[in-house]
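In: Sequence plus the predicted model coming up.
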Amino acid sequence: MEPADFEARAAELLGAGAHGYFAGGAGDELTLRDNVEAWRRIALAPRVLVDVSERDTSVTVLGRRRPHPFVVAPMAYQRSAHEDAEIGTARAAAATGSTFVLSSQTSTDPRAVAAAGGAADRWMQLYVFRDRGLTDDLVQAAREGSFEALVITVDFPFGGWRDRDRRSGYVVDHAPYVQLSGTPLTPAERHAMHDPTLTWDDIAGFGEASGLPIVLKGVLGPADAERAVQVGAAGIVVSNHGGRQLDTVLSGAAALPAVVDAVAGRIDVLVDGGVRRGWDAAKALALGADAVMVGRPVLWGLACEGSDGARRVLEQLVTEFDSTLGLLGCPRAEDLDASYVVAPA
Ligand SMILES: Cc1cc2nc3c(=O)[nH]c(=O)nc-3n(C[C@H](O)[C@H](O)[C@H](O)COP(=O)(O)O)c2cc1C
Ligand SMILES: O=C(O)C(=O)c1ccccc1
């Protein structure tokens, strides 16, 4: 099976509830679809007669050189996709030089994920729960597991309106690391753990308490990007949460240019949502992103072939990205700029 077949195969392998939860989005899923289409609408504009015999896919993010711009997005409940779960995706990331982001809603103890990932780059995604004890425990685990940064997700005061989950009645079929009670809960019940009173005033405190750089995930506009700089974030992820929160919001691809302008190089900018091909990542970098997060494709690889499947998805993205640099006539990823893309009219 090719990585291109994983999405369809995962739909056959997974139960309807888990599949709907992973694949689905908010409302009519217009943003879910637009995330993918927005990258497709941007045209690449190649240059010719450039020596592309050697290419450099590396980028610098949070002050560290990384072999390529692909970061595995934080995704909840990976044990529902495959028994390899987060250990499997962390190993796949480590094997491909991808930075791995562990979800707060991990199925696996963060310390075990850290042990499996060894010296590879990993960040901890943080949800701020009403029960701050649970949040503090994750911060502590991040420190013990040598996680390099805290990715605080800021677009999730509570869960979006998700028809697929309401219809399926899906309940999480394993005990996640952060437990609420002994009873299995629906995603909506677990989404209600989040603290909806969280504001900008709280952010710097997490940096101080953890000693780790803070990345704010879920920023879509230039004013919020400016505030992220002001509160001392080291980076932001331009994201609409994979179309899972508020339907009809703009795509990461559409939001990116104005955010990049506002940030003006002061902090790192990542983008996610609908990155499916190596050339999508090239477009993101051309529009000023420093790196991209990839979500569902990694999950489909995990569901089909466990850790090996997730690794194959990441390998293919890196190979496609490398080939894009060559055929675009821009052999160094860090030289990508707006001259290599034509935005839709
Ligand atoms: C099944 C699933 C679970 C997710 N869980 C989390 C999470 O726990 N924390 C978080 O910040 N984002 C979460 N996200 C959002 C992803 O990190 C990411 O923003 C999004 O999936 C990127 O879009 P893509 O799937 O189109 O690549 C989740 C996404 C999916 C599909
Ligand atoms: O479903 C999600 O998108 C998500 O981020 C989440 C949030 C809380 C619990 C589980 C998943």
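Out: Noted; the coordinates are in hand. It should be emphasised that the depicted structure is a prediction, and the values quoted were computed from it without experimental measurement. Ligands and ions are numbered 1, 2, ... in the order given.
In: Quick one: classify the one residue in the stretch 1-150 of the chain that gets nearest to ligand 2 as helix, strand or coil.
Out: Closest to ligand 2 within the stretch 1-150 of the chain is Ala76: 3.5 Å, counting by CB to the nearest ligand atom. Where you see a C-beta, it was placed from the backbone N, CA and C, and this is true even at glycine. Per DSSP: H, G, I helix; E, B strand; the rest coil, the local secondary structure of Ala76 is coil.
In: And for Leu270?
Out: Leu270 ends up strand, using three-state DSSP.
In: ok, now which ones touch it?
Out: By CB atoms under 8 Å, 6 or more residues apart in numbering, Leu270 lies in contact with 61, 71, 215, 235-238, 289-293.
In: what's the distance between it and Gly252?
Out: 9 Å (CB to CB, to the nearest Å).
In: what do you get for Phe158?
Out: From Phe158 across to Gly252, the span is 21 Å (CB to CB).
In: between those two, who's got more neighbours?
Out: Neighbour totals were compared for Phe158 and Gly252, and Gly252 leads with 33 against 12 (other CB atoms under 10 Å).
In: so how far is Leu44 from that one?
Out: Separation of Gly252 from Leu44 (CB to CB) stands at 18 Å.
In: Same check on Ala16?
Out: Ala16 is 38 Å from Leu44, by CB to CB.
In: what does Thr135 give?
Out: 42 Å.
In: the more surrounded of those two?
Out: Each of Thr135 and Leu44 has its neighbours counted (other CB under 10 Å); Thr135 has more, 22 against 15.
In: wait, is the more buried one part of a helix?
Out: Yes. Judged by three-state DSSP, Thr135 forms part of a helix.
In: show me what contacts it?
Out: Thr135 makes contact with 126-129 under the criterion CB under 8 Å, 6+ apart.
In: ditto for Val342
Out: Neighbouring residues of Val342 by CB under 8 Å, 6+ apart: 42-45.
In: Show me how to select, in PyMOL, the buried members of the residues you listed.
Out: Those of those that count as buried under 16 or more other CB atoms under 10 Å are selected in PyMOL with:
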select buried, resi 42
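In: just the contacts of Val342 now: which is nearest Arg244?
Out: Comparing the contacts of Val342 against Arg244 with CB to CB places Ile42 closest, at 22.7 Å.
In: How much space separates the closest one from ligand 1?
Out: For Ile42, the distance to ligand 1 equals 16 Å [CB to the nearest ligand atom, to the nearest Å].
In: Counting neighbours, what do you get for the nearest residue to that residue once chain neighbours are set aside?
Out: Of all residues not flanking Ile42 in the chain, Lys283 sits nearest, at 4.9 Å (CB to CB, 6 or more residues apart in numbering). Lys283 has 27 neighbours, counted by other CB under 10 Å.
In: Give me the contact list for the host helix or strand of Lys283.
Out: Here Lys283, judged by DSSP states H and E, is contained in helix 278-286. Helix 278-286 is touched from outside by 39, 42, 44, 59, 69-70, 253, 256, 271, 274-275, 292, 316-325, 328, 330, 333, 336-341, with contacts defined as CB under 8 Å, 6+ apart.
In: what do you get if the cut-off is 7 Å, keeping everything else the same?
Out: Contacts with helix 278-286, where a contact means CB atoms under 7 Å, 6 or more residues apart in numbering, come from 39, 42, 44, 69-70, 256, 271, 275, 292, 317, 319-321, 323-325, 328, 333, 336-338, 340-341.
In: mind checking which helix or strand the residue lying closest to Ser146 once chain neighbours are set aside is in?
Out: Among residues not flanking Ser146 along the chain, Ala114 sits closest, at 6.1 Å (CB to CB, 6+ apart). In this structure, Ala114 is located in helix 110-117 according to DSSP H and E.
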